[in-house]
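Chemist: 3D model of this:
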Amino acid sequence: MQVVALAILTAYMLAILVARILKTPILSLKTIGKMCRYLSLIAYKGIRWIREIISKPIEFIKTLKRHVFVKNAKV
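Modeler: Numbers count the residues shown, from 1 in each chain. Purely as a prediction, here's the structure:
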């Protein structure tokens with residue numbers, strides 16, 4: 001019983017954290033199922049966007065330079 005209760009509490013805490021990090025209304029991600037569907041939709045759209053941007057090499061290089069390669073960054 002303790003393991004199940006801990007797993008449920010952890011899952012709902014993850015749902016709240018994801019909603020706050022992604023700045024989505026918490027009411028829309030009330031259940032774990034809704035959160036999983038939302039995250040899979042984000043992943044699918046991200047993969048589709050990556051495929052689309054890779055098909056245009058010049059735009060892909062510009063995007064990489066703008067968002068990934070940061071010149072003179074202090075790490």
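
Chemist: so what does the longest helix belonging to the chain touch, helix or strand wise?
Modeler: Criterion DSSP state H: the longest helix present in the chain is helix 32-54. For helix 32-54, the packing partners by 3 or more CB pairs under 8 Å, 6 or more residues apart in numbering; DSSP states H and E come out as helix 2-21, helix 57-63. Using the backbone N, CA and C atoms, a C-beta is placed for each residue, glycine as well.

Chemist: and of these, who's closest to Leu41?
Modeler: Nearest of the helices and strands packed on helix 32-54 to Leu41, taken as CB to CB: helix 2-21 at 12.5 Å.

Chemist: and that closest one, how far from the chain's centre?
Modeler: Taking CA atoms, centre = their mean, to the nearest Å, the mean C-alpha location of helix 2-21 is offset from the chain mean by 16 Å.

Chemist: buried stuff in it?
Modeler: 15, 18-19 (16 or more other CB atoms under 10 Å).

Chemist: quick one: it to helix 32-54, angle?
Modeler: Counting by axes from the mean of the first three to the mean of the last three CA atoms, to 10 degrees, helix 2-21 lies at 50 degrees to helix 32-54.

Chemist: quick one: average confidence on helix 2-21?
Modeler: For helix 2-21, the mean pLDDT works out to 80.

Chemist: also stretch 61-69?
Modeler: The average pLDDT within stretch 61-69 is 72.
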